[in-house]
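> Sequence first, predicted model second:
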Amino acid sequence: MKLTYTREESILCHSKRHPYVMEYKTGAKKNGQLTALEARIISDAGAYVYLSPWVLLYSMVDATGPYRIPNVRIDGYTVLTNNTFTSANRGFGAPRSALLTSRKWKS
């Protein structure tokens, strides 16, 4: 037996990527070399945990992007909400930290 979803069923029933709130604070020398990164990453797991902690872990590991930064601190949180459940998709968390626009740091 084969189960094939229509486009509408796929959109309604399949898990979605995690919505993220990301706050970054960076330090750099006058020549532009990055020297420090401090980040806070919060992912919305929806109503169920599923693979959310692992997706967040990969987002944190890849939070510096392709840059070698000697001083890094990253705090990550996965929160349960009443939103649609979320889970891993292509890239397993790494694209989230690379593609999303970070917000201005709030002290």
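Done, it's in. Model, not experiment: these values are computed from the prediction. Numbers count the residues shown, from 1 in each chain.
> Adjacent strands (with direction) for the lengthiest strand in the chain?
Using DSSP state E, we find that the single longest strand of the chain is strand 34-46. The strands that strand 34-46 pairs with in its sheet are strand 20-28 (antiparallel), strand 71-80 (parallel) (by DSSP bridges).
> Compare those strands and say which comes out lowest on pLDDT.
Out of these, strand 20-28 stands lowest, with a mean of 91 (criterion: mean pLDDT).
> returning to what we had before: what residues sit buried inside the longest strand of the chain?
Neighbour counts using 16 or more other Cβ atoms under 10 Å place 34, 37, 39, 40, 41, 42, 43, 44, 45, 46 of strand 34-46 among the buried residues. To be clear about C-beta, it is placed using only N, CA and C from the backbone, and glycine gets the same treatment.
> Quick one: mean pLDDT for that strand?
93.
> Distance from that strand to the middle of the chain?
A distance of 8 Å separates the C-alpha centroid of strand 34-46 from that of its chain, computed with Cα atoms, centre = their mean, to the nearest Å.
> go on, stretch 66-86?
With Cα atoms, centre = their mean as the basis, the mean position of stretch 66-86 lies at 5 Å from the chain mean.
> Look up which residues are beta-bridged to the residue nearest to residue 21 when sequence neighbours are not counted.
With sequence-adjacent residues excluded and distances taken as Cβ to Cβ, 6 or more residues apart in numbering, residue 21 is closest to residue 42, at 4.5 Å. Beta bridges link residue 42 to residue 21, residue 77 when assigned by DSSP bridges.
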